[in-house]
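Undergrad: Need coordinates for the below:
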Amino acid sequence: MSKNPMGPYEYKGIIMAEHENGCWTNHHSIINYKGQWYLFYHHNDFSPRDDKRRSVCIEKLYFNADGTIKEVKPTMRGVGINKATEKIEIDRFSASSSDVTTQLIDTINTFRSFEATLPVKGSWMRYNDIDFSCITDGYVIVKAKASENTKFFIREKAANGKIIAKVDLTVKPEAPAGMPAMFRRDFSNQWLSLTAPLDYTPKGVTDLVITVEGDAGISVDNVQFKNRPKYFSPATAQSAQPDEAGFIRRWLLLEPIKYDIRSNIIFTNTWLEENLAKTYFKDQMTILPKDGQKVKAGKQTLAWHAIDSENYNIKLFRFAEKWGQQTYGSLFWIVTYIDCPEEISDVRLAAGSNGASKWWINGEEVLLLEGDRRMVEDDGMSPRLTLKKGRNILRCAVINGPGLSDLCARFIDEKGNPVKSYTISTNK
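TA: Model (predicted):
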């Protein structure tokens with residue numbers, strides 16, 4: 001260090017240490033860009049057997065109060081801002097707990113890049129500068145693997161930061177004690193693409209932190225956030241009309257009740273009559289719910305959501321993905337209010353459901369769709385019925401195991417034409 005470019009100079013230490021593998025990382029340049037100093041160097045991460053094939057790297061440069069340069073610690077993260085919707089190579093982290101390691105996924109084809117291993121509960125790694133301004137209604141996809149069933153969280157800024165998403169990593173079949181785990185593959189140490197809803201969406205540019213919360217460690221390759229297609233919008237205070245084809249698009253949906261179902265072949269008339277007659281929450285056959293109202297179903301606390309569907313069919317799987325505690329093995333309860341200016345006689349309820357369903361109007365059962373079925377328009381027809389003048393309560397239960405649940409419903413007249421002379425509300 002000197003005040004004169006001609007010297008004399010006083011040695012103040014190193015800017016960046018040579019990498020432990022002996023690669024010539026100290027061939028560097030230093031520039032100032034928009035008030036920030038940067039150190040450019042190179043490394044042979046992608047050619048570990050040849051230190052003459054190197055990739056350009058960059059780190060921010062900082063100074064001490066006396067003008068000396070703070071030692072730069074090389075990271076695989078480097079600098080720059082990633083949009084949350086990009087595939088984020090989070091294995092190139094900015095910082096981590098001391099036990100986290102990075103290794104090539106494929107030592108032959110090195111351009112398959114790296115994986116980061118977080119070996120135990122409490123291990124963490126941080127990836128700086130992710131811009132979430134592009135996320136409106138998002139979810140996350142994580143490519144990860146593990147040797148045992150475990151879980152991890154994605155947090156904001158710190159290892160104890162606000163939770164963005166919770167990810168369960170199930171690689172081995174689970175079954176009740178004493179029962180064989182049949183028809184399930186073992187995915188131990190295999191890369192899986194895991195999808196999870198967001199508990200919280202950060203604003204602007206922030207840092208991501210992955211923390212191991214289960215009893216087994218994980219390896220992670222990449223993370224990507226995506227926006228959901230628009231399946232629903234909040235129901236408005238103004239009453240709605242059936243759509244052009246007569247389908248009802250406004251509903252009150254209860255977050256799904258967890259129901260352990262391995263196969264939909266059990267959905268016989270007898271099974272449905274017995275199991276849908278059970279009480280899962282208080283006043284389930286008489287409740288007139290409102291948006292945000294909560295009920296207790298066993299150990300679950302569930303909320304009602306008043307929604308308008310963007311499609312004629314209500315995509316219950318997507319509803320569960322966004323608001324539920326599980327997507328498969330679910331029992332859905334659905335209600336809507338049909339307001340008729342005059343009595344409408346000789347109509348039929350025409351409905352379809354993916355999974356079995358049972359339908360009631362004003363407390364009377366009018367339709368049962370049994371078996372392992374796909375949703376088809378007008379798949380089932382009720383007997384002729386009368387919608388009374390004033391308010392009518394349409395209630396439905398849909399149950400499904402390993403499948404994508406949805407439903408559709410409308411009223412048709414004796415000639416098969418859609419009935420549309422009523423309004424639909426979710427307000428009591």
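
Undergrad: ranges for the helices of this protein?
TA: 269-275, 316-323 (DSSP state H).

Undergrad: any chance of those in JSON lines, plus mean pLDDT, mean neighbour count and distance to Lys143?
TA: Glycine gets a C-beta too; all of them are placed from N, C-alpha and C. Below are the helices of the chain laid out as JSON lines (pLDDT from 0 to 100; neighbours: other C-beta atoms under 10 Å; distance: least, C-beta to C-beta, whole Å):
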{"stretch": "helix 269-275", "mean pLDDT": "92", "mean neighbour count": "14", "distance to Lys143": "38"}
{"stretch": "helix 316-323", "mean pLDDT": "89", "mean neighbour count": "21", "distance to Lys143": "19"}
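
Undergrad: Of the ones you listed, which is nearest Leu369?
TA: Among the helices of the chain, the nearest to Leu369 by C-beta to C-beta is helix 269-275 (8.8 Å).

Undergrad: what helices or strands is that closest one leaning on?
TA: Helix 269-275 sits against strand 364-369, with contacts defined as 3 or more C-beta pairs under 8 Å, 6 or more residues apart in numbering; DSSP states H and E.

Undergrad: Would you give the sheet partners of the strand it packs on, along with the direction of each?
TA: strand 356-361 (antiparallel) (DSSP bridges).

Undergrad: just the strands in the stretch 1-150 of the chain please.
TA: 29-33, 36-43, 55-61, 82-83, 95-96, 101-104, 114-118, 124-131, 138-145, 150-156 (DSSP state E, counting those that start in this stretch).

Undergrad: Show residues contacting the fourth one.
TA: Residues external to strand 82-83 that are found in contact with it (C-beta atoms under 8 Å, 6 or more residues apart in numbering): 88, 129-131, 134.

Undergrad: quick check: mean pLDDT across that strand?
TA: The pLDDT scores in strand 82-83 average 95.

Undergrad: Against Val347, how distant is Glu414?
TA: 8 Å (C-beta to C-beta, to the nearest Å).

Undergrad: I misspoke; the intended subject was Asn109.
TA: Taking C-beta to C-beta as the measure, Asn109 falls 64 Å from Val347.

Undergrad: who's more crowded, those two?
TA: Val347 (19 against 9; other C-beta atoms under 10 Å).

Undergrad: wait, what's in contact with the closest residue to the more buried one other than its chain neighbours?
TA: Counting by C-beta to C-beta, 6 or more residues apart in numbering, Val347 lies nearest to Phe411, which is 4.7 Å off, once chain neighbours are set aside. Phe411 makes contact with 242, 246, 344, 347-350, 387, 418-419, 422, according to C-beta under 8 Å, 6+ apart.

Undergrad: For Phe411, report the pLDDT, please.
TA: pLDDT, Phe411: 98.

Undergrad: Could you do Glu174 as well?
TA: At Glu174, pLDDT is 68.

Undergrad: ok so, going back, could you export the helices of the chain as a markdown table, including distance to Ser123?
TA: Listed next are those as a markdown table, based on distance: least, C-beta to C-beta, whole Å:
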| stretch | distance to Ser123 |
| --- | --- |
| helix 269-275 | 43 |
| helix 316-323 | 28 |
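
Undergrad: out of these, nearest to Trp333?
TA: helix 316-323 (10.7 Å).

Undergrad: which residues sit against the closest one?
TA: Contacts of helix 316-323 (C-beta under 8 Å, 6+ apart): 137, 139, 195, 197, 228, 231-232, 253, 255-256, 303, 305, 307, 326-327, 330, 332, 354, 398, 400, 403-407.

Undergrad: Give me the common contacts of Glu414 and Val347.
TA: Arg384.

Undergrad: Who are the contact partners of Glu71?
TA: If you count contacts by C-beta under 8 Å, 6+ apart, then Glu71 has 13-17 around it.

Undergrad: try Pro242
TA: 248-249, 410-411, 418-420, 422, 424.

Undergrad: Repeat that for Ala306.
TA: Counting by C-beta under 8 Å, 6+ apart, Ala306 has contacts 234-235, 250-252, 290-291, 426.

Undergrad: Recalculate using a threshold of 6 Å.
TA: 235, 252, 291, 426 (C-beta atoms under 6 Å, 6 or more residues apart in numbering).

Undergrad: Check those and tell me the two furthest apart.
TA: Ala235 and Leu252 (8.1 Å).

Undergrad: how about stretch 188-196 as CSV, C-alpha atoms only?
TA: The C-alpha coordinates for stretch 188-196 follow below in CSV (Å, rounded to 0.1, in the frame of the first residue of the first chain):
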residue,chain,number,x,y,z
SER,A,188,-33.8,-43.0,-1.7
ASN,A,189,-30.9,-40.9,-3.1
GLN,A,190,-32.8,-40.2,-6.4
TRP,A,191,-33.4,-36.6,-7.7
LEU,A,192,-37.0,-35.6,-7.2
SER,A,193,-38.8,-32.4,-8.3
LEU,A,194,-40.8,-31.3,-5.3
THR,A,195,-43.6,-28.7,-5.4
ALA,A,196,-44.7,-26.7,-2.4
